[in-house]
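# Next comes the sequence, and after it the predicted model I'd like to discuss.
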Amino acid sequence: MPSDSRKPPSKIANGKYEIDKKLGAGCFGEVWRGHDQQSKQLVAVKFEDYQAQSSQLEHEVEILRLMKKGATVQPQGFAECFYWGREGRHHCMVMELLGKSLEDRVQECKGKLSVQSTVLIAEQILRRIEYLHHKGFIHRDIKPENFMFGVKDKVHVVYLIDFGLSKRYFESRHYPMRTKLSLTGTARYASINAHKGHEQSRRDDLEAIGHMLMYFLRGVLPWSGLEARTQEEKYNRIRETKEKTALDELCAGYPDAFKQFLHIARNLDYKERPDYDGYRKMFADVRAKLNPKPQEYEFQWLQGKSDLDRLIPLGAWEPLRQPDDEGKMGPRTSGSNPSGRKVSAGAGPSASRWWCPWCNSKLATKD
């Protein structure tokens, strides 16, 4: 926003929020830090030119509101939206202020994360993506910059952010497969099927998570930094390298759970229901082997910090009903367990386990 006329206003929402400092910018616009003038609570404020051809910010607000719909408290790991409206020549959204991104933490740790930090992150990320999928949406831009930690007593809580490319995959029924599409998302982490131009679904978010976890451990992926004359050529080279790199080679030297997870994600069918609970257990088992009494906040950058006992607990997690569970809280019609074998009807969790942790009630069953 080069000219003064395009600078964000100093106060918004009838003076409720005051703008303090620019934090960054992206293709959508700018992010500023602000504060509530009465409570002094710090907030993040996103500004976007109201003349933008397609408002990503409005789309993001809609998704954040849908994430909270039906919940009695703010869902963990999703930023709360306090205000949305037009201010002068800008659309603006006021939201919960977050801390550092996963990419920030990787760079602080000299480009690599420990296995323990990575499995702790994996468990939380799988909670976030399961919740998003439970609401009928896929993210389509999984990358370290789109996960951030909270602040203060939530400094160990991983948040999923930036829903500008998110879209529904299920509305009364699963959206059909389409082909010959352009790549949506970040090429480094995107699934092989996304590279091939296939419509994305839950499996693609999961495969991208698998690639991202290996980036945390390795510090670099085999398809990073490839040279090409055009973007299309670069994307093709990345896809080819992903296809040619054996998972045994990619995951060599790290716990088998990482290879298993990627193998399962890559072999899911387009409409297949993922076994999120099974995936989390794979990583929880790795964590337990590393530390018999693991704490959920034992990231390498928090070691030796004081007042960790004041952090809010992440709380127990129960599997969520997915849109294609057809109202039945128990048996899954399809899915994959950690071994990669199909789960037949009647093999899933019992009806009593389907619980919405933020609605504080069982989801309605259909007999």
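Sure thing, it's come through. Residues are numbered from 1 along each chain as shown.
# Check which helix or strand residue 119 maps to.
Using DSSP states H and E, residue 119 sits within helix 115-134.
# Give me the distance from the helix or strand following that helix to the chain's centre.
If you walk from helix 115-134 toward the C-terminus, the next helix or strand you reach (DSSP H and E) is strand 137-138. Between the centre of strand 137-138 and the centre of its host chain there is 10 Å, according to CA atoms, centre = their mean, to the nearest Å.
# Then stretch 213-231?
That offset, for stretch 213-231, works out to 20 Å (CA atoms, centre = their mean).
# Tell me the buried residues in it?
By neighbour count, and taking 16 or more other CB atoms under 10 Å as the criterion, the buried residues in stretch 213-231 are 213, 214, 215, 216, 217, 218, 221, 223. Where C-beta positions appear, they are placed from N, C-alpha and C, glycine not excepted.
# in which helix or strand would I find the second one?
So that's residue 214. When the helices and strands are read off by DSSP H and E, the one containing residue 214 is helix 202-218.
# Could you name the helices and strands sitting against that helix?
Counting contacts by 3 or more CB pairs under 8 Å, 6 or more residues apart in numbering; DSSP states H and E, helix 202-218 is packed against helix 102-108, helix 115-134, strand 137-138, helix 192-195, helix 256-267.
# For residue 76, which of those is the nearest?
For residue 76, the closest of these is helix 115-134, at 7.6 Å, according to CB to CB.
# show me the contacts for the nearest residue to residue 138 once chain neighbours are set aside.
Residue nearest to residue 138 in three dimensions, not counting chain neighbours: residue 169, with 4.8 Å by CB to CB, 6 or more residues apart in numbering. Taking CB atoms under 8 Å, 6 or more residues apart in numbering as the criterion, residue 169 is in contact with 133, 136, 137, 138, 175, 200, 201, 202.
# Spatially, which two of the residues you listed are the most separated?
136 and 200 (13.8 Å).
# out of these two, which sits in the busier spot?
When residue 136 and residue 200 are compared on other CB atoms under 10 Å, the one with more neighbours turns out to be residue 200, at 26 against 18.
# Just the strands from the stretch 1-150 of the chain, written as ranges.
With DSSP state E, counting those that start in this stretch applied, the stretch 1-150 of the chain shows strands at 11-12, 17-25, 30-36, 42-49, 81-87, 90-96, 137-138, 147-149, listed in chain order.
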